[in-house]
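Peer 1: Next come a sequence and a model predicted from it.
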Amino acid sequence: MSAPNAPLTDEKAAPRSNPFRSINLSSRFWIALVLVAFVLLLGLAGYVYPTGPGEKVGSLYDAPGNGLVFGTDNFGHDVLAVLMAGTRTSLVIGLVAGIVATVIGVVVGLFAGFVGGWIEELLMGVTNVVLAIPSIIVLILISISLPKSTIWSLAIVIGITAWPWTARAVRAQASSVATREHIDVARLSGSRLPAILMRDVLPYILSYTVMAFVLQVSGAILAEAALSMLGLGPSGANSLGTQLHWALAFQAVGSGAWWAFLPPTIILTLVSFGFLLLQASLDEVFNPRLRRGRRRQMKQAAARRAAEAAQLASSRSEQEGRSEPEDRGEHGGRSGSDGPATPPAPTPVAPTPVAPTSTATARTQEGGLA
Amino acid sequence: MSQRVPTPHIPSGSSRRGFLATSGALGGTLALAACGGNSGGGSGDGGSGDLKGVGNNGAAGKGRSGDAADHLFIAGFQWDPPSNFNTFSAAPTWPASGNVAQYVYETLLRYDVVSGKLLPGLAAKYEVDGTSSIALTLQDGITWHDGSDFSTDDVLYTFELGKIDPSLGVASFWVEVDEVTADGNTINVAINQDRKNVGMVLATLAQQFIVPKAVFEKAAEETGKKIATWETKECMGTGPYTLEKSDQTQIILARNEKYWGKDFYGGVPAPTKVIHPIFKSNEDGNLKFQNGELDVMQQFIPQISKMWDSGKPVGTYLQESPYFVAGSMPMFLINTTKDGLKDTEVRRAMAYAVDYASIAETAMSGYSPDVVASLILPEGAESEWLDKDKATSDGWKYDPKKAEQILKDAGYAKGSDGIYAKDGVKLGPWKLITPQGWTDWNAALEIVAKSFKAVGIDAATNFPQQAQVTTSVQNGDFDMACWYVAGANPATPWQRFSDVMSNVELADLGKTAYRNYGRWENSEVNDLLEAAAAAADDDTKKSAITALDDLYRKEVPAFPLMYRPDEFFEFNASNWSNWPTEENDYAPPMFRGAGNQWIFKIQKIGG
């Protein structure tokens, strides 16, 4: 490690390392990945676990022991088996609801942001109205009125109440992309609106969309848990929320049956924390401005820049000398581009000043929902 | 007209259940149970010495200090803030609510759920003359709380209210009764000779609170004979307590030192005050109960045995499982107008498919005895009418193989989806409904749905709000439901047969029914019901009831999933001892009816 005040010249102008290192994944990302992978594996483990979630293996709230890691729940089922099935259901609901919400949000946001005018006013007006209604109330009302609650209906209901913030954020991004020159080029070349949206706008906000999707998944899992805890969960299926519902109904807290309510609570915490962490670390990958201190890399980059600048100065190549430092300043500690000769590739994420703020907004709204 | 006696189901884990139940409930309660006899438990609970009627572990507390030592804390009857003490309103506040503990209002007779006998109330004795009339002799020296004398006029007026405002529940009394007259200190009830249903009349006499004529005459005047709409913050009765105070958090009753029954019960009740704190959720109350801050209550507690196992002086009437005396029968109703469910064989297969032991063990926390294929409670007061051998030999039990065999024999074949079908009629998908928040019933139906799927009948649970379920069940807009029928009272088991099977005034689908919600049709049942109701002696009655039970087992219009106590009776001997138990059975384990007795006999433990 270099001393903080070491002169720049002490740092070697390290050559650009391998491309994988240059993706610059933080330890946060790996922690998040481990958490999410753990929950996924837990869900999948249900397929190989010998006991089914509907199998009665004991009595009401048998304590852990006798081969049962987490004892039994109020039905006498193996809590671990139910937990595995519940995790799977929760993940499926989260994914489906996340896809539904993201698709609706992106479509509405793209149209509104790109087309503008009265369409934008109309779509955003609707979005703002929907956004103003607390979505948990809408969720409860729709869930009560459904004749039958399955995991699919629940996922879709959660999806169609969760899209507004995605739409708003995507609109902001899309309207910024709409003013770029390459859109004019696309227009001049005769592309139609759908093609422009798909090929020339969407790719530029894809990274943001992915992050919004991750947030939607985590929000949907929590929304499912909230609904199921109220007893509006999928009938005949196990989910983390229904597990908590029965634990509350049979007063597991009061009777000290911690094994009935702690495991689903912990898994819920892990899964939502894992997804949020994943989103935050992806945010860092996509948006260099958020990248956190890697002093060594920064210094290496700075040293490299200084060396390059010196080289340029000596070769008196005026043209490159003018543009290069400017660009490097823009891209901060990024080490994605290589060589002074290559101009930085127009990475879609680079001009995303909206991203950090809007994901933060998204998170707050998500908090309200959960 | 409804014959239903208002017996509100008390949801076990009510919908008012809080979500963030106080945690750490078990902190510090891990001390081991008292070992061996009366050596006393941990957690600061002293030995019970030679005290009777204490915790099931033999432990008793040391008693509270100060004024609270003389107070009785009770819970499980009132959840909302007190609003209206008019006993005839739609949702009266405890203790004015119908057929609860007789602390303020009293009834003429009092039903004992253990012996099945009718004990004296405001009436010292009663005589039944065949099936024609009932004569009741009032107690001497009864006075109202304001000091005025109680008279036969009050009794006559109370029943008269059913004619003044036919929307009141007491109006159903006049279906079975022609005339009520007074002669000196005696009340004569002339029974409707078309129906001759003595049981139903006695049931009403044992459940209807007698109200002061002077007060309710004014109320009828004020409201233009709409008694149910009258609102009052007072309730004046004849009972051993007066309403002292009520607010958002509690209802306080103070002892009536001039109670008429001082001689009859050998003194005034032991507690100077009865305090009912109002909790938001079962958990709050259960925690307070466990800690001895509540003395007696009827809230549902899963696994109550854990409390005495951890040394708390908590007790129930029965020392061993099921701990409570069975008094009601949550019924699995089947809509017999639906395709598939019309078929008796399908209903029989269903009765064989249900895992009753699982329901009793988990959903009912072990508080239910084994289910018998009968509409008669196999334990307590009703058991004398039950032909147990017949119920075993002709009835059903959990046997999924037999269930599938019955379906196959009836011509049903399993489809590729694993569901049985015949002639294009598939067994399912059906919805099993019961109100959200009635947790033991919710759990029971989950087990039923699982049991059905296991034999190839497609069913899923659905738990709407209570009001919606009530409407659906009454209008016949359901597939299958878990619902209540008459609990143990002087008119059962007849009333239960009537509730489940009666074809009298059979309501069409979409119209409100008050009995036979499954719309099961049969040509014999009405005659059998009439014969059983009018039976002049016990032998005739038993054979008539058995004939009904035979028909029931043959046709399976509905079947019970489990048994429940009429009221959960749980006590904590932290401050009071001499609670009624099986060994100390001077009073039945109940609050309503004959449950008024123990309050005179419990003993303060502390100084």
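Peer 2: Looks like it came in fine.

Peer 1: tell me how far the one helix or strand B:Asp154 maps to is from the chain's mean position?
Peer 2: B:Asp154 is part of helix B:152-164, with elements assigned from DSSP states H and E. The chain centre lies 25 Å from the centre of helix B:152-164; the measure is CA atoms, centre = their mean, to the nearest Å.

Peer 1: Which elements pack onto the helix or strand following that helix?
Peer 2: Beyond helix B:152-164 on the C-terminal side, the first helix or strand identified by DSSP H and E is helix B:173-176. Of the remaining helices and strands, those touching helix B:173-176 by 3 or more CB pairs under 8 Å, 6 or more residues apart in numbering or on different chains; DSSP states H and E are helix B:152-164, helix B:198-207. For the C-beta atoms, the positions are set from N, CA and C on the backbone; glycine is no exception.

Peer 1: and the helix holding B:Asp154, average pLDDT?
Peer 2: Mean per-residue pLDDT for helix B:152-164: 92.

Peer 1: cool, stretch B:586-602 as well?
Peer 2: For stretch B:586-602, the per-residue pLDDT averages 91.

Peer 1: At which residues are the strands of the stretch 101-250 of chain B located?
Peer 2: For the stretch 101-250 of chain B, strands defined by DSSP state E, counting those that start in this stretch occupy the ranges B:109-111, B:118-120, B:123-129, B:133-138, B:177-183, B:186-191, B:241-246, B:250-255.

Peer 1: how deep is residue 253 tucked in, by neighbour count?
Peer 2: The chain I'm using is chain A. A total of 22 residues lie near A:Val253 under the criterion other CB atoms under 10 Å in any protein chain shown.

Peer 1: hm, I was asking about chain B
Peer 2: The burial metric for B:Leu253, expressed as a neighbour count using other CB under 10 Å, is 29.

Peer 1: picking up where we left off before, return the list of helices and strands in contact with the helix holding B:Asp154.
Peer 2: Based on contacts counted as 3+ CB pairs under 8 Å, 6+ apart, the elements that helix B:152-164 packs against are helix B:173-176, strand B:177-183, strand B:186-191, helix B:213-222.

Peer 1: So which bits of that helix are buried?
Peer 2: Buried residues in helix B:152-164, counted by 16 or more other CB atoms under 10 Å in any protein chain shown: B:Thr152, B:Asp154, B:Val155, B:Tyr157, B:Thr158, B:Phe159, B:Glu160, B:Leu161, B:Gly162, B:Ile164.

Peer 1: How about stretch B:495-503?
Peer 2: Residues of stretch B:495-503 classed as buried under the neighbour-count rule (16+ other CB under 10 Å) are B:Gln495, B:Arg496, B:Phe497, B:Ser498, B:Asp499, B:Val500, B:Met501, B:Ser502, B:Asn503.

Peer 1: Spell out which parts of the stretch 151-300 of chain B neighbour chain A.
Peer 2: Proximity of the stretch 151-300 of chain B to chain A (CB under 8 Å from any CB of the partner chain) is limited to residues B:Asn282, B:Glu283, B:Asn286, B:Leu287, B:Gln290.

Peer 1: what two of those are the furthest from one another?
Peer 2: Between any two of these, the greatest separation by CB to CB is 12.0 Å, found for B:Asn282 and B:Gln290.

Peer 1: what secondary structure does A:Ala301 sit in?
Peer 2: Look at A:Ala301: counting by DSSP: H, G, I helix; E, B strand; the rest coil, its state is helix.

Peer 1: Which of the helices and strands packed on helix B:152-164 sits closest to A:Leu122?
Peer 2: Taking CB to CB, helix B:213-222 is the member of the helices and strands packed on helix B:152-164 nearest to A:Leu122, at 57.3 Å.

Peer 1: who does the closest one touch, helix- and strand-wise?
Peer 2: Using 3+ CB pairs under 8 Å, 6+ apart as the contact criterion, the neighbours of helix B:213-222 among helices and strands are helix B:152-164.

Peer 1: Can you check what angle separates the helix it packs on from strand B:123-129?
Peer 2: Inter-element angle recorded for helix B:152-164 and strand B:123-129: 60 degrees (by axes from the mean of the first three to the mean of the last three CA atoms, to 10 degrees).

Peer 1: who in the stretch 1-150 of chain A is up against chain B?
Peer 2: When proximity is defined by CB under 8 Å from any CB, the stretch 1-150 of chain A lies next to chain B at A:Gly54, A:Lys56, A:Ser59, A:Leu60, A:Tyr61, A:Asn74, A:Phe75, A:Gly76, A:Ile144, A:Pro147, A:Lys148, A:Ser149.

Peer 1: is it true that the fifth one touches A:Phe75?
Peer 2: Think A:Tyr61. No: no contact is recorded between A:Tyr61 and A:Phe75 when judged using CB atoms under 8 Å, the distance being 10.0 Å.

Peer 1: Would you mind naming what in the stretch 201-350 of chain A lies close to chain B?
Peer 2: For the stretch 201-350 of chain A, the residues in contact with chain B under the definition CB under 8 Å from any CB are A:229, A:231, A:235-236, A:246, A:248-251, A:253-256.

Peer 1: residues in contact with the closest residue to B:Lys226 other than its chain neighbours?
Peer 2: Of all residues not flanking B:Lys226 in the chain, B:Asp165 sits nearest, at 6.3 Å (CB to CB, 6 or more residues apart in numbering or on different chains). If you count contacts by CB atoms under 8 Å, 6 or more residues apart in numbering or on different chains, B:Asp165 has them with B:Phe88, B:Ala171, B:Ala220, B:Lys225, B:Lys226, B:Ile227, B:Ala228.

Peer 1: Pass me the low-pLDDT residue ranges in the stretch 151-300 of chain A, would you?
Peer 2: Applying pLDDT under 70 to the stretch 151-300 of chain A picks out residues A:288-298.

Peer 1: could you pull out the helices for it?
Peer 2: When assigned using DSSP state H, counting those that start in this stretch, the helices of the stretch 151-300 of chain A occupy the ranges A:151-162, A:164-177, A:181-188, A:193-195, A:202-229, A:240-249, A:258-286, A:295-315.

Peer 1: which of those is buried the deepest?
Peer 2: Highest mean neighbour count of the helices of the stretch 151-300 of chain A: helix A:240-249, a mean of 26 (counted as mean count of other CB atoms under 10 Å in any protein chain shown).

Peer 1: can you give me the angle the helix holding B:Asp154 makes with strand B:186-191?
Peer 2: Going by the same axes, to 10 degrees, helix B:152-164 makes 30 degrees with strand B:186-191.

Peer 1: so helix B:152-164 versus helix B:213-222, what angle?
Peer 2: With the same axes, to 10 degrees applied, the angle from helix B:152-164 to helix B:213-222 works out at 30 degrees.
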